[in-house]
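Trainee: Turn this into a model:
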Amino acid sequence: MIAEDEIKAMNAWLAKAGLRGEPEAALVSGFCDRAVAAGLPISRALLLIDTLHPVYEGRVIRWGYDQSEPVVQEYGRTGLPAGALDPQLSASEQGWTDARWRASPFFRLLQTGESLLRRRVTAESESEFPVLRDFRAAGMTEYVAIINRFAPEGVIGDMDCVYSSWTTGHPEGFADAHIAALTRVVPTLALAFKAAALVRMTGTLMQTYLGRDAGQRVLSGRIVRGIAERIDAVIWFSDLRGFTRITDTAPEHVIPLLNDYADAIVSAIHEHGGDVLKLIGDGTLAIFTAEDRTHACSAALSAAIAARAGIAELNRRRAADGTPVTEMYLGLHVGEVFYGNVGSRERLDFTVIGPAVNEASRIAAMCRSVDQPVLTSAAFADVEGIRRRLVSVGRYALRGVAQPQELFTLDPHA
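Mentor: Coordinates of the predicted model:
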């Protein structure tokens, strides 16, 4: 029997932890430790929630498992056939495939509309739910699955409920009083779990669609229209060679092509400390900021070299597959820009504006004319320690820029 005071104490702790913003793993761990101390014979717990993420369908948190299973794990698309997930994932990470999902207790609850499923872990229940085989091998005696559903107005994308499972290794399994206690405290856990998932999901979406730094700034409250900060930054403006031709001649390859090359370019920018602000068709606008220009310019140059190496490797793979290949044109400039909210009352954009941004785009456009994959401005080249890695390609008139500019490219001998 679980004392009434213990149930109230667990619900109170969950409410406070949810308001504090505890992450999902801390919520599950803290709750399970308290539940066991209160007399609930929980040996293992599992909580799952779907989410909005460009790659993963959701997130699973484990408690009480051995170290061979990660505590926190993103899972893939359950609608994919077995083996269609990332081949680099382990067998356990590919577990939530369509066939296994449809044979799970959670799917049964979704089909029946019920909220709780309880089974003794036996050979007979294994035949009904194959997932119980692993629990019986681990010495578990009883299994309980619970779904806490959201009301329609509380659903976001596929995030419509919290799934949880609870197993015990106690010889007698769960008593009815244990199940009654679970049904009273798990809804509060689900509410706190949903709140934590929403915070994480919001941050992910902000960073995915606005960029890492811009997303963090928006979440910190810098959302007032017309408020912008003057910063010194390296501006990266790149696009792909022959993109219009590829679009016209092989339109079915356009989206996979954009994704492949964006992976190579964006990953290089991020790995060297840059922030991607926009993906404009085949174009990428990014910035590099630092306490001094030397560090920012050096990081941008290193990212450019890494991006070119990544694209070279990508081109080898795509050529072997018989798919279209291309190259990156890149313009780099450094200067002061305004960084903040620009737009209408209904639609704002967190971006950089100013003459330096325009010059970077014009420099990138000159790559075609001078047949160079990378061009930088004189302002960029004149930064201490940078000129030795570059070579001049001459002075050129840039559209919309008053004076001709000397441009530089990577020195192949540097």
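Trainee: From Pro324, how far out is Glu252?
Mentor: Remark: distance between Glu252 and Pro324 (C-beta to C-beta, to the nearest Å) = 10 Å. (Each C-beta comes from the backbone N, C-alpha and C, glycine too.)
Trainee: can you check Glu126 too?
Mentor: Remark: distance between Glu126 and Pro324 (C-beta to C-beta) = 50 Å.
Trainee: Likewise for Leu132?
Mentor: The value you get for Leu132 to Pro324, if C-beta to C-beta is used, is 49 Å.
Trainee: from what I can see, Thr351 looks like it's in a strand, true?
Mentor: Yes: Thr351: assigned to a strand according to DSSP: H, G, I helix; E, B strand; the rest coil.
Trainee: I'd guessed it sits against Val342; true?
Mentor: Yes: under the criterion of C-beta atoms under 8 Å, Thr351 makes contact with Val342 at 6.3 Å.
Trainee: And Leu132 and Pro324? Which one has more around it.
Mentor: More crowded of Leu132 and Pro324, by other C-beta atoms under 10 Å: Leu132, with 23 against 17.
Trainee: Format the CA atom coordinates belonging to stretch 39-51 as PDB.
Mentor: Taking Å, rounded to 0.1, in the frame of the first residue of the first chain, the C-alpha atoms of stretch 39-51 are listed here in PDB:
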ATOM      1  CA  GLY A  39       7.200   1.600  -2.000                       C
ATOM      2  CA  LEU A  40       6.400   1.200  -5.800                       C
ATOM      3  CA  PRO A  41       8.400  -1.800  -6.900                       C
ATOM      4  CA  ILE A  42       9.500  -0.300 -10.200                       C
ATOM      5  CA  SER A  43      12.500  -2.000 -11.800                       C
ATOM      6  CA  ARG A  44      12.500  -0.400 -15.200                       C
ATOM      7  CA  ALA A  45      10.700   2.600 -16.700                       C
ATOM      8  CA  LEU A  46      10.500   3.900 -20.300                       C
ATOM      9  CA  LEU A  47       8.900   7.200 -21.500                       C
ATOM     10  CA  LEU A  48       8.400   8.200 -25.100                       C
ATOM     11  CA  ILE A  49       7.100  11.300 -26.700                       C
ATOM     12  CA  ASP A  50       6.900  12.300 -30.400                       C
ATOM     13  CA  THR A  51       8.300  15.700 -31.400                       C
END
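Trainee: Identify each buried residue in it, please.
Mentor: 40-51 (16 or more other C-beta atoms under 10 Å).
Trainee: In helices, which of those residues appear?
Mentor: Using DSSP state H, no member of the buried residues of stretch 39-51 falls within helices.
Trainee: I'd like the residues you listed written out as JSON lines, with pLDDT and distance to Gly113 added.
Mentor: Below are the buried residues of stretch 39-51 laid out as JSON lines (pLDDT from 0 to 100; distance: C-beta to C-beta, whole Å):
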{"residue": "Leu40", "pLDDT": "96", "distance to Gly113": "26"}
{"residue": "Pro41", "pLDDT": "97", "distance to Gly113": "29"}
{"residue": "Ile42", "pLDDT": "97", "distance to Gly113": "26"}
{"residue": "Ser43", "pLDDT": "97", "distance to Gly113": "28"}
{"residue": "Arg44", "pLDDT": "96", "distance to Gly113": "26"}
{"residue": "Ala45", "pLDDT": "96", "distance to Gly113": "24"}
{"residue": "Leu46", "pLDDT": "94", "distance to Gly113": "21"}
{"residue": "Leu47", "pLDDT": "95", "distance to Gly113": "21"}
{"residue": "Leu48", "pLDDT": "93", "distance to Gly113": "18"}
{"residue": "Ile49", "pLDDT": "93", "distance to Gly113": "19"}
{"residue": "Asp50", "pLDDT": "89", "distance to Gly113": "18"}
{"residue": "Thr51", "pLDDT": "85", "distance to Gly113": "23"}
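Trainee: tell me which of these is nearest to Gly335?
Mentor: Top of the list for closeness to Gly335, among the buried residues of stretch 39-51 and by C-beta to C-beta, is Thr51 at 39.1 Å.
Trainee: isn't Pro404 right up against Arg395?
Mentor: Yes: counting by C-beta under 8 Å, Pro404 touches Arg395, with 4.6 Å between them.
Trainee: Report the next helix or strand after the helix or strand harbouring Ala304 in sequence order.
Mentor: Per DSSP states H and E, Ala304 falls inside helix 293-321. Next helix or strand after helix 293-321 toward the C-terminus (DSSP H and E): strand 328-343.
Trainee: Going by neighbour count, which residues of that following strand are buried?
Mentor: By 16+ other C-beta under 10 Å, the buried positions in strand 328-343 come out as 328-335, 337-342.
Trainee: Equivalent analysis for stretch 4-11, please.
Mentor: Applying 16+ other C-beta under 10 Å to stretch 4-11 flags 6-7, 10-11 as buried.
Trainee: Stretch 144-153 too?
Mentor: 144-148.
Trainee: quick one: pLDDT of Trp101?
Mentor: Here, the pLDDT recorded for Trp101 equals 80.
Trainee: That one and Leu110 touch, don't they?
Mentor: No: Trp101 is beyond contact range of Leu110, at 9.8 Å (criterion: C-beta under 8 Å).
Trainee: And the strands in the chain, which stretches?
Mentor: 44-50, 58-63, 72-75, 116-120, 142-149, 161-168, 228-240, 275-280, 283-288, 328-343, 348-353, 374-376, 390-396, 405-410 (DSSP state E).
Trainee: Which of these comes out lowest on mean pLDDT?
Mentor: Averaging pLDDT over each of the strands of the chain puts strand 72-75 lowest, since it has a mean of 84.
Trainee: Now do it: which elements does it pack against?
Mentor: Judged by 3 or more C-beta pairs under 8 Å, 6 or more residues apart in numbering; DSSP states H and E, strand 72-75 is in contact with strand 58-63.
Trainee: neighbouring contacts of the strand it packs on?
Mentor: Strand 58-63 has contacts (C-beta atoms under 8 Å, 6 or more residues apart in numbering) with 24-25, 28-29, 32, 44-51, 69-75, 158-159, 197, 200.
Trainee: how distant is it from the center of its chain?
Mentor: 16 Å (C-alpha atoms, centre = their mean, to the nearest Å).
Trainee: what lines up beside it in the sheet?
Mentor: strand 44-50 (antiparallel), strand 72-75 (antiparallel) (DSSP bridges).
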